[in-house]
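Engineer: Give me a 3D structure for the following:
(one chain, ligands or ions: 2)
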Amino acid sequence: MPNASYWIALPPLPLREVGSAFVESLEHYVARTAWTAGISGNAVLSMALGSQTPCLTSASGLIGPSPLFATRLVALERLIRNPNLRCGTFYVLKDVLTGSALGKCGTQQRWCPECLADWDCQNSYEPLAWSIDALTRCPMHNCDIENVCRRCDAIQQLPCLYERRRFCRRCNYSLAGLGRQSRRPEYLHWIDSQVQEIVRVCATPGQEPIASGLHDELFSGLLRSARRRAIPPAIRSEMHSIERTRKSGKMTFRTLFNLCALQGVSIRTLLLSPDEATSEPMFDYWSGFHSLNCDYGRSKAKIEAFSYVCACLLARPEGAALVPTMMLLRAIKLNRDVARDRAPETYHGYESAYRAQASGSNRLAIERAFRVAKRCFANRPLGNGPIIEVAQVVYNQGNVSCEIALSVSRGQEWMERAYRAALAMHGHSALAEHAWMRMGPPERTALRGSGSSVQDERTTEAV
Ligand SMILES: [Zn+2]
Ligand SMILES: [Zn+2]
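Structural biologist: Residues are numbered from 1 along each chain as shown. Ligands and ions are numbered 1, 2, ... in the order given. Okay, here's the model as predicted:
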């Protein structure tokens with residue numbers, strides 16, 4: 001048994017707001033305890049775990065669901081003699097959530113600027129709910145939850161010392177301030193309420209962990225009902241992405257919320273009474289279904305750019321081929337799994353349109369031709385000379401038919417235009433830097449700043 005029988009030098013602070021949707025996160029609790037005792041968070045963990053020298057590398061190592069967290073939690077509860085510390089973690093969901101369910105929120109801080117502005121060391125704390133990125137507004141102040149410094153745009157890594165948490169780690173600017181309210185779709189209000197509900201379930205003292213069979217149970221129920229009725233495409237694509245996580249039996253928060261939306265039930269019903277949740281799905285509500293495909297981390301701009309470019313490409317002029325999905329993703333530097341998870345409708349819509357344009361062997365030729373065309377455009381400013389010049393190179397080097405060479409060259413040109421327009425609209429530093437390296441400064445682009453000019457170009461595009 002670890003150090004529990006030792007006399008310890010830690011103050012037995014209570015975890016704040018146990019049992020409520022605003023419960024303190026254990027990650028913050030450890031930082032607060034360490035600060036009160038004048039030691040580091042790692043020292044607190046070392047005390048709890050005995051001789052081992054633990055290294056706190058992420059918040060999810062304390063609040064879950066990373067693999068180490070349950071051991072740490074039990075040791076901390078024993079050391080501090082407080083069996084309710086688990087209320088500040090996702091312990092209740094430890095068999096349901098994937099290890100990466102928190103995504104970047106497991107390593108990066110999110111905060112409400114107004115909560116930080118009202119900070120008082122006697123009573124304030126960071127709630128567990130902030131670590132779920134689906135929560136977009138502070139439930140107290142109804143302003144946006146933030147995750148970068150307002151002055152220098154730096155992301156704030158966790159873990160962090162208690163006294164440094166309210167200041168930018170790079171430029172020392174205060175993270176507190178007047179809240180902002182960005183425009184957002186209506187259904188995100190509902191998601192916010194479900195985040196609070198899920199935290200309330202986790203924060204309930206004595207709540208048993210949810211059994212790991214939940215996913216299978218829910219999914220079989222859903223499939224049974226779906227087989228009997230026609231399903232709209234948005235739902236079908238969502239069911240595909242839910243099915244992909246089925247093998248492991250574990251889910252992300254996003255999947256949990258989408259299941260609730262599909263079934264028309266609250267997260268509490270879904271978790272605590274899965275039978276009830278799957279018995280009678282509200283299929284009639286599905287016409288208004290929105291899958292939760294928003295990402296508030298770094299990929300947000302890339303997802304927006306991806307959706308925009310896909311829409312442009314699908315509205316391509318006649319006789320232009322569609323770029324292979326992987327080449328499109330690579331151009332935007334977007335991971336395929338992230339695209340599938342965050343923008344399932346766009347991803348599957350584009351992928352099936354791409355596949356529909358040619359049979360298997362022709363698709364290989366098209367891919368080969370696109371690789372040549374891409375190289376041509378890398379060395380050639382847009383609009384410089386007729387497209388037939390590119391088509392000739394593609395024909396010679398790609399070993400494809402004239403028709404393929406021409407349609408691929410048009411397709412690649414269209415892709416370059418859409419990509420540049422997306423850059424101008426969804427300018428994101430990583431994306432912009434990449435484009436700079438690839439194609440020179442965006443100022444030179446023909447389509448700067450508006451989506452409508454893409455449409456205008458189309459009419460002058462006749463080759
Ligand atoms: Zn707040
Ligand atoms: Zn800063």
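
Engineer: Leaving out chain neighbours, which residue sits closest to L13?
Structural biologist: T33 (5.6 Å; Cβ to Cβ, 6 or more residues apart in numbering). Yep, even glycine has a C-beta here, placed from its N, CA and C like the rest.

Engineer: and the one you found, how far is that from ligand 1?
Structural biologist: Relative to ligand 1, T33 is positioned 23 Å away (Cβ to the ion, to the nearest Å).

Engineer: again with G61
Structural biologist: From G61 over to ligand 1 the distance is 25 Å, taken as Cβ to the ion.

Engineer: and that residue, what element?
Structural biologist: Using DSSP states H and E, G61 maps to helix 60-63.

Engineer: From the contact counts, what lies against that helix?
Structural biologist: Judged by 3 or more Cβ pairs under 8 Å, 6 or more residues apart in numbering; DSSP states H and E, helix 60-63 is in contact with helix 26-37, helix 69-80.

Engineer: okay if I get those helices as TSV plus mean neighbour count and mean pLDDT?
Structural biologist: Listed next are those as TSV, based on neighbours: other Cβ atoms under 10 Å; pLDDT from 0 to 100:
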stretch	mean neighbour count	mean pLDDT
helix 26-37	23	93
helix 69-80	20	90
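
Engineer: Kindly present these as a markdown table, with separate columns for distance to R110.
Structural biologist: Shown next, in a markdown table, are the helices and strands packed on helix 60-63 (distance: least, Cβ to Cβ, whole Å):
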| stretch | distance to R110 |
| --- | --- |
| helix 26-37 | 12 |
| helix 69-80 | 19 |
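
Engineer: and ligand 2, which of those is closest to it?
Structural biologist: Ligand 2 lies closest to helix 26-37 among these, at 19.6 Å (Cβ to the ion).

Engineer: returning to what we had before: and the helix holding G61, C-alpha only, in PDB?
Structural biologist: Taking C-alpha atoms only, helix 60-63 is exported to PDB below (Å, rounded to 0.1, in the frame of the first residue of the first chain):
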ATOM      1  CA  SER A  60      -6.100  13.700 -19.000                       C
ATOM      2  CA  GLY A  61      -3.500  11.900 -16.900                       C
ATOM      3  CA  LEU A  62      -5.500  13.200 -13.900                       C
ATOM      4  CA  ILE A  63      -9.100  13.600 -15.000                       C
END
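
Engineer: for the stretch 251-400 of the chain, which spans come out with low pLDDT?
Structural biologist: Within the stretch 251-400 of the chain, the ranges that satisfy pLDDT under 70 run 263, 277-299, 381-385.

Engineer: again, only using 90
Structural biologist: Along the stretch 251-400 of the chain, segments meeting pLDDT under 90 span 251-308, 312, 315-319, 330-346, 358-362, 375-390.

Engineer: which stretches of it form helices?
Structural biologist: In the stretch 251-400 of the chain, the segments counted as helices under DSSP state H, counting those that start in this stretch are 253-263, 267-272, 274-279, 300-314, 325-332, 336-342, 344-356, 360-378, 387-398.
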